[in-house]
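Colleague: Quick one, what's the 3D model for this:
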Amino acid sequence: MRRVLLHVCCGPCATHSIEDLRNESYDVTLFFSNSNIQPEEEYNKRLDSLKTYVNRIKITLIIDNYNPDEWFELVKGYETSPEGGARCQICIRTRLEKTAKYAKFHRFEGFTTTLTISPHKDFQLINELGVKLAKEYNVQFLPKNFKKMDGFQKSITMSIEYQLYRQNYCGCRFSMQK
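Modeller: You can find the predicted model right below:
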């Protein structure tokens, strides 16, 4: 697999993840699919920051439709689920599924996600979901743990260097309240 679709949640998480994949000779295209991010002002801040970075490093960015109402419907009943619990699993699966579908339809050889760079996310769970979706959509998933070997710290350093907006919560309004 050489041509990979990378689901990205924000500019800072994209920095080291892109670098890591490029160092492994992958041809990387970014996919911003994050209807979980609220409020819309926050969504736009993260997207604008990512666009700034993308323009500097010359990489293709695909932006999925922003549909927070659809996302709220998916997590209905899980509003009080703890951070990292069932609501988060639904959210991660949904974003990975959209990435898998896009990768399959547009003939990417595989897909992966920046979500594994966060020290607050379970990279094993994310990779397991990715593998299941890869089988379901008949497209390869590239299991990664972008936080290994100080990946998260490198992303912080790079986001400061590029003056990227860094958020202080995962994205949904429920993670804002933790």
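Colleague: Please, where are all the strands along this structure?
Modeller: 3-8, 27-32, 61-63, 110-113, 140-141 (DSSP state E).
Colleague: just checking, what packs against the shortest one?
Modeller: Packing partners of strand 140-141 (3 or more Cβ pairs under 8 Å, 6 or more residues apart in numbering; DSSP states H and E): strand 110-113, helix 123-137. Where C-beta positions appear, they are placed from N, C-alpha and C, glycine not excepted.
Colleague: can you put these in TSV and add mean neighbour count, distance to Phe72 and mean pLDDT?
Modeller: Compiled in TSV, those are given as follows (neighbours: other Cβ atoms under 10 Å; distance: least, Cβ to Cβ, whole Å; pLDDT from 0 to 100):
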stretch	mean neighbour count	distance to Phe72	mean pLDDT
strand 110-113	26	21	98
helix 123-137	18	20	97
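Colleague: Pretty sure Gln38 sits against Ser175.
Modeller: No - here Gln38 does not reach Ser175: they are 9.5 Å apart, not a contact under Cβ atoms under 8 Å.
Colleague: any residues touching the longest helix along the chain, and which ones?
Modeller: In the chain, with assignment by DSSP state H, the single longest helix is helix 86-105. Helix 86-105 is contacted from outside by 5, 7, 9, 31, 33-34, 36, 62, 64, 71, 74-75, 78-79, 81, 108, 110-111, 113, 115, 121, 125-126, 129-130, 133-134, 136-139, 141, 170, 172, 174, using Cβ atoms under 8 Å, 6 or more residues apart in numbering.
Colleague: one more time with 6 Å
Modeller: Helix 86-105 is contacted from outside by 5, 7, 31, 33, 36, 74-75, 78, 81, 111, 126, 129-130, 133, 137, 139, using Cβ atoms under 6 Å, 6 or more residues apart in numbering.
Colleague: how about that helix: buried residues?
Modeller: 87-104 (16 or more other Cβ atoms under 10 Å).
Colleague: Isn't Leu50 up against Gly11?
Modeller: Yes - with contact defined as Cβ atoms under 6 Å, Leu50 counts as touching Gly11 (4.2 Å).
Colleague: the more surrounded of these two?
Modeller: Ranked by neighbour count (other Cβ atoms under 10 Å), Leu50 and Gly11 place Gly11 first, with 28 against 25.
Colleague: and the more buried one, what does it touch?
Modeller: Contacts of Gly11 by Cβ under 6 Å, 6+ apart are Ser49, Leu50, Tyr53, Leu164.
Colleague: Make JSON lines out of those residues and add pLDDT.
Modeller: Below are these laid out as JSON lines (pLDDT from 0 to 100):
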{"residue": "Ser49", "pLDDT": "96"}
{"residue": "Leu50", "pLDDT": "97"}
{"residue": "Tyr53", "pLDDT": "97"}
{"residue": "Leu164", "pLDDT": "96"}
